[in-house]
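[1] Sequence unavailable; structure follows:
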């Protein structure tokens, strides 16, 4: 074990130490479905962090070059190392409540900046090899540091620290805090092993049947992540591939189908669509759209495929940054163009893809019919002459910065209508259960994606822009004198053989 750790340390240590360098480029625009880089060039990246309030601000921790910062989405980079006494930066964490405060884990302990990296000061932790940092999202003054001597904890923003490693193996490489229950943390260690605490680090226990295991004790758990939608679902990137737990770590399953390189050093979860995962490996970046069941490579333009860090832009989750052995790359993942077919509507200029699935004893895809104008269409289920669901997408960008989804149903069967913003990858499914009247849909907030390239549109009509699912309001009346035959005209529909 000791020799393996020393070999790993030598692998991580930089060969050259330079500081005070700035790298510039003409643009910070990410490539569309291709990786591009604007620096910092020829620098080995260890970790990436993004400002949650201003996602154009990025930080890169490097081997031997300290911390680099970009304020234009990676277009230009500059070293921000004033007061940083060691330039081997293994971990970074940004305070979610006060993003000007960030922490750097280094070879000689943890440093803090309260001015967005403008200057750094040592905290009370001087333990070497701080490989992981995690902030309690509910109490950001509480911070955990994973080191080669276990886990340390501060409750005063780094002023004082205490070891909290009872039951935990040393050599901690990664930490993850459950956002729903911050007293629950997970630690990935050399071994490889995964540990869990439910008392804020007071005690730890190894978890997981089926978790990665190396009888020689040489492997690593490099990365851990918790699903934002379902905190009992966890993912682990290891020397032996990608692992998933759906029961808070009690058991794990390898999910490496089509994952060509199984040394997974970084991972990221789409915050809007948690089934979309990214794995950074020594063979590039891989993407899964089904929670890890299968993977596809996305390495076009990635000239260095040794990926050590991944981070997603929270305001535009289809924009991904990758740290490599040769700088930072960015990628804008745009879905293939929407193609109308017998079961697919392409609305709002083809930007929105709408499909339906129905079930009532049998199940099938709804048959799609587009209406003139490009914003509206409908679906039939049993009979091509019988409309079941009508849907339209309106551009409400001038009103509340969102596209608006409206739908109504003439059915009580089970329906799942799925809407996808092709440009950003945002997906939402709307469901109606069997035996209930289809509840009208008025969703004006889910697709808050106008900044992703939509032209602003006029508000279609007056009224509230709140999102809601409205129960139908039906008024019934009988006109006994209405005995004339129905005559169809420009304002009148005659249905059911002109009875209605």
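    Sure, I can see it. Values in this document were obtained by computation on a predicted structure and should not be read as measured data.
[2] contacts, neighbours, all on C-alpha from now
    Fine.
[3] need the strands for the stretch 51-200 of the chain, in chain order.
    58-62, 67-70, 77-79, 89-94, 102-106, 109-113, 121-122, 130-135, 143-147, 150-154, 162-163, 172-177, 185-191, 193-197 (DSSP state E, counting those that start in this stretch).
[4] Tell me which of these sits most buried.
    Ranked by mean neighbour count, these are led by strand 102-106 with a mean of 28 (mean count of other Cα atoms under 10 Å).
[5] which residues sit against that one?
    61, 86-95, 110-114, 116-117, 128-133, 145 (Cα atoms under 8 Å, 6 or more residues apart in numbering).
[6] ok, that strand: who's next to it in the sheet?
    strand 89-94 (antiparallel), strand 109-113 (antiparallel) (DSSP bridges).
[7] Residue 300: which of those is closest?
    strand 89-94 (27.1 Å; Cα to Cα).
[8] how about the nearest residue to residue 309, chain neighbours excluded?
    residue 323 (4.6 Å; Cα to Cα, 6 or more residues apart in numbering).
[9] partners of the helix or strand harbouring that neighbour in the sheet?
    Assigned by DSSP states H and E, residue 323 belongs to strand 319-324. In the sheet, strand 319-324 lines up against strand 307-312 (antiparallel), strand 327-332 (antiparallel) (DSSP bridges).
[10] which stretch among those comes nearest residue 78?
    strand 327-332 (12.6 Å).
[11] So residue 172 versus residue 195, what's the distance?
    10 Å (Cα to Cα, to the nearest Å).
[12] Overlap of the contact sets of the two?
    Residues touching both residue 172 and residue 195 (Cα under 8 Å, 6+ apart) are 187, 188.
[13] my guess is residue 431 meets residue 409, correct?
    No - here residue 431 lies out of contact with residue 409, judged by Cα atoms under 8 Å, at a distance of 11.2 Å.
[14] More neighbours: those two, which one.
    Set residue 431 next to residue 409 and count neighbours by other Cα atoms under 10 Å: residue 409 wins out with 20 against 17.
[15] quick one on the thing from earlier: same list (the strands paired with strand 319-324) but as JSON lines, adding mean pLDDT.
    Listed next are these as JSON lines, based on pLDDT from 0 to 100:
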{"stretch": "strand 307-312", "mean pLDDT": "96"}
{"stretch": "strand 327-332", "mean pLDDT": "94"}
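[16] In CSV: these, plus distance to residue 377 and mean neighbour count.
    Converted to CSV, those look like this (distance: least, Cα to Cα, whole Å; neighbours: other Cα atoms under 10 Å):
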stretch, distance to residue 377, mean neighbour count
strand 307-312, 34, 26
strand 327-332, 29, 25
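[17] For residue 369, which of the strands of the stretch 51-200 of the chain is the nearest?
    strand 58-62 (44.7 Å).
[18] Sheet partners, orientation included, of that closest one?
    strand 45-50 (antiparallel), strand 67-70 (antiparallel).
[19] Tell me which of those strands lies nearest to residue 313.
    Comparing the strands paired with strand 58-62 under Cα to Cα, the one sitting nearest is strand 45-50, at 7.3 Å.
[20] in the closest one, what's buried?
    By neighbour count with 16 or more other Cα atoms under 10 Å, strand 45-50 contains the buried residues 45, 46, 47, 48, 49, 50.
[21] what's the pLDDT at residue 500?
    Per-residue pLDDT puts residue 500 at 68.
[22] Please apply the same query to residue 28.
    So, for residue 28, pLDDT stands at 46.
[23] Over to residue 489?
    79.
[24] so it bridges to which residues?
    residue 492.
[25] Could you count how many residues lie near residue 436?
    Residue 436 - counted by other Cα under 10 Å - has 11 other residues nearby.
[26] what does residue 373 give?
    That count, for residue 373 with other Cα under 10 Å as the rule, works out to 10.
[27] Over to residue 415?
    27.
[28] Skip the chain neighbours and tell me the closest residue to it.
    Here the residue nearest residue 415, using Cα to Cα, 6+ apart, is residue 358, at 4.5 Å.
[29] what does residue 391 give?
    Counting by Cα to Cα, 6+ apart, residue 391 lies nearest to residue 407, which is 4.2 Å off, once chain neighbours are set aside.
[30] so residue 399 sits in a helix?
    Yes - counting by DSSP: H, G, I helix; E, B strand; the rest coil, residue 399 falls inside a helix.
[31] closest one to residue 311 among the strands of the stretch 51-200 of the chain?
    Closest among the strands of the stretch 51-200 of the chain, using Cα to Cα: strand 58-62, at 9.4 Å.
[32] mean confidence for the closest one?
    Mean predicted confidence for strand 58-62 is 97.
[33] Name the residues that touch that strand?
    43-51, 67-71, 73-74, 87-92, 104, 323.
[34] Pull out the buried residues from stretch 271-278.
    Quick answer for stretch 271-278 (16+ other Cα under 10 Å): 271, 272, 273, 274, 275, 276, 277, 278.
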